[in-house]
Each structure stands twice: as C-alpha cells, then as structure tokens.
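I would like to see how this sequence folds:
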Amino acid sequence: MAYMHVHGIGNLTKDAEFITAGDTRKGSFRIGVSARFKDREGNTQARQSFFACEIWGKLAETFENMGSLKKGTRVNVIGHFRTDRFKDGEGKDQERDYLYLSEVDLLSPRATEDGADT
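Numbering: from 1, shown residues only. The predicted model follows:
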C-alpha cells in the first residue's frame, strides 16, 4: 500500500482533544495552513486549508501530559494521509480524511490574552 507522506507547518484551530480508544490514547486536533501566491495580475493572494490530525500511543500521551497542543500553537507535522470508511447512523457510506501523524514539533508556544507566551 502506498502512502502520501505529508510535511506541513500550521496553527492549531482549537485545543487538542484526547480519548482512550481501546487501550491506546488518541489525540485529535485541526491545523490551519496558509499559502501565499501571486495571481495573474501580480497581486498577493492567500489560501487557507484546514486538516484534521490524529496522534496515537506514546506521542498522544506525551502531548497530553505536556498540555501544549492549544489553540494557536504553531506546529510542524509529519505523517501521511488516511481515509476511514464507515456507515453513518442512517446506514449511508461515509469517508473521513485526516493526517495520521508520526511526528509533531512545537514551533511556537501559544500566546495568552495578555500577550505572554505559555
């Protein structure tokens, strides 16, 4: 099976959420990524993309204990795309795409409302 590997930098759109799935810890969060480009007229434009992310096992436990995956935190992520296929409550086929991460690096701490880093 081939994977599409991903390496990206973005900001968390809200605090990470952690649950136990079976006997393993799982962390879920979304990152926003901005790309700047010039249009045909030479004007700078920005495009925003958002990606659901998951971390599992020791990686999830470490970040949960650190409490560092908060809204606004800038992260460098490495992993690959995954798609889950399932039936919803009405029996309809559904798909959910997300980034399954093998590495997360904190690039900046989250700033508090008074501007101080946490």
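
For the spatially most distant residue from the centre of the chain, grab phi and psi.
Distance from the C-alpha centroid of the chain peaks at E41, with 33.1 Å (C-alpha atoms, centre = their mean). When read as degrees, to the nearest 10, the backbone of E41 gives phi -90, psi 0.

dump the residue contacts of Q94.
By C-beta atoms under 8 Å, 6 or more residues apart in numbering, the contact list for Q94 reads 85-88. Heads up, the C-betas are built off the backbone N, CA and C, glycines and all.

Kindly apply the preceding question to S28 instead.
Listed by C-beta under 8 Å, 6+ apart, the contact set of S28 reads 16-19, 52-54.

let's see 6 Å
S28 is in contact with 17, 54, counting by C-beta atoms under 6 Å, 6 or more residues apart in numbering.

next structured bit after the host helix or strand of it?
If you go by DSSP states H and E, S28 is part of strand 24-38. Remark: after strand 24-38, the chain's next helix or strand is strand 44-56, criterion DSSP H and E.
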